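Engineer: got a sequence here, can you model it:
(chains A and B)
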Number of protein chains: 2
Amino acid sequence: MNYPCGIKIDRKKTISYGNRGMSLEKELNETNNYYLLKNIAVIHKKPTPITIKKVDYISPTRVKIKDGYFQKPSTTDYNGIYRGQYIDFEAKETNKPNYFPLSNIHKHQLEHLKKIITHGGIGFLIVSFNAYNEIFYLDGKDLFDFINTNTRKSIPYSYFQEKGHLIKIKFNPRLDYLKIIDEIYFKGEYYEEKY
Amino acid sequence: MNYPCGIKIDRKKTISYGNRGMSLEKELNETNNYYLLKNIAVIHKKPTPITIKKVDYISPTRVKIKDGYFQKPSTTDYNGIYRGQYIDFEAKETNKPNYFPLSNIHKHQLEHLKKIITHGGIGFLIVSFNAYNEIFYLDGKDLFDFINTNTRKSIPYSYFQEKGHLIKIKFNPRLDYLKIIDEIYFKGEYYEEKY
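Structural biologist: Numbering: from 1, shown residues only, chains lettered A, B, ... in the order given. Model (predicted):
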């Protein structure tokens, strides 16, 4: 069941939010954890912002939130540092086979990504086309090239095939998107694992 | 009333957390907002991580959190980009006049800051000595110099006077800490406001 603001609730188990679907988020978290453990990069998912209305004081060490709501995020979900560069991205899944609806990303998040690129950071999208089990890296420059030259409210799948970079799904790291950053920003000199 | 994990509850008004005391956090948020509006830097406070135990489905567009708890943060509270550089810091207040207790910062946060510096980022602390209404910038290198050469569990006020940089409290931006980064990392070439 999908709610607006990219919040998804799995009634059976636990709550996932900030992304349409747990699996992409989970795979990215595992990937980032791998990068962290191998000392390759420090990239984290930001917590989802919440407005708190009411709390209970269980004990001096424990405060229980009794009433709160999810906020719309004003920045992207992921950021960090890689090879001394600021990294910033948003990750989304889509079930549409032919296009990625831009409405999946909040206007504030797009503005944030644009600012990051202006300030010299590496900004991009990771989009999973669930229909094909294909996950693309789309560089921020190509994203804004599309937005600036098109009036349509979705990015066709063919644009991802043409301008995007397919992320290989591996055992570990699951989604090795830094390899694509190596290709685009570091002349294909792949990172080495530093222990 | 102070709770562990840096969570502070103001029963009268609203809830502030992630920092001992609202005022430093508020002033930093206003400062960062100024930087953002003037296109100087993109630096945000991260939301406080929360574990959600129970939700109510008010409507298809609204999910209410009925039961949740604050988590210990594993990273610092603030990060972003300035002059193409990755920026990362933690901000804390202390009421002690003679020292800043290192226990105010979680071990995970210190480890995170250390990693940031290893990866080429600019990492630091902002510490408010409430007894003097003095707010210091302490560069990560000086922070870890202290930790690596001392066994004591607090940093004396005199160390902030010697190695730290006093942040001037101004009307706008309130706490212009980027000026100190200009001095340390950019040879004192101060930023210009880009409209």
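
Engineer: what pLDDT does the model give A:Tyr190?
Structural biologist: Confidence at A:Tyr190, expressed as pLDDT, is 85.

Engineer: where's it, which helix or strand?
Structural biologist: Using DSSP states H and E, A:Tyr190 sits in no helix or strand.

Engineer: now it: how far from A:Arg62?
Structural biologist: For A:Tyr190, the distance to A:Arg62 equals 46 Å [Cβ to Cβ, to the nearest Å]. Using the backbone N, CA and C atoms, a C-beta is placed for each residue, glycine as well.

Engineer: shouldn't A:Val42 be within a helix?
Structural biologist: No: going by DSSP: H, G, I helix; E, B strand; the rest coil, the assignment for A:Val42 is strand, not a helix.

Engineer: and A:Leu178, how many neighbours?
Structural biologist: By other Cβ atoms under 10 Å in any protein chain shown, the residues close to A:Leu178 number 23.

Engineer: isn't it up against A:Gln85?
Structural biologist: No: look at A:Leu178 against A:Gln85 with Cβ atoms under 8 Å: they stay out of range, at 10.6 Å.

Engineer: mind listing what A:Ile155 touches?
Structural biologist: Residues counted as contacts of A:Ile155 (Cβ atoms under 8 Å, 6 or more residues apart in numbering or on different chains) are A:99-100, A:102, A:138, A:143, A:146.

Engineer: just those: which are in helices?
Structural biologist: Among those, the members found in helices (DSSP state H) are A:143, A:146.

Engineer: which among the contacts of A:Ile155 gets closest to chain B?
Structural biologist: Closest approach to chain B among these (Cβ to the nearest Cβ): A:Leu143, at 17.0 Å.

Engineer: right, and the closest one touches A:Ile126 too?
Structural biologist: No: A:Leu143 is beyond contact range of A:Ile126, at 11.3 Å (criterion: Cβ under 8 Å).

Engineer: tell me what the helix or strand harbouring A:Phe160 is packed against?
Structural biologist: If you go by DSSP H and E, A:Phe160 is part of helix A:157-163. If contacts are counted by 3 or more Cβ pairs under 8 Å, 6 or more residues apart in numbering or on different chains; DSSP states H and E, helix A:157-163 sits against strand A:99-101, strand A:122-129, strand A:134-139, helix A:140-149.

Engineer: which is the next helix or strand following that helix?
Structural biologist: The C-terminal neighbour of helix A:157-163 among helices and strands, as given by DSSP H and E, is strand A:165-166.

Engineer: what lines up beside that following strand in the sheet?
Structural biologist: Strand pairing for strand A:165-166, using DSSP bridges, gives strand A:134-139 (antiparallel).

Engineer: so who does A:Asn32 touch?
Structural biologist: Applying Cβ under 8 Å, 6+ apart, the residues near A:Asn32 are A:41, A:43-45, A:78, A:80.

Engineer: now tabulate the residues you listed in TSV and tack on neighbour count.
Structural biologist: Formatted as TSV, these follow (neighbours: other Cβ atoms under 10 Å in any protein chain shown):
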residue	neighbour count
A:Ala41	21
A:Ile43	22
A:His44	18
A:Lys45	18
A:Tyr78	21
A:Gly80	25
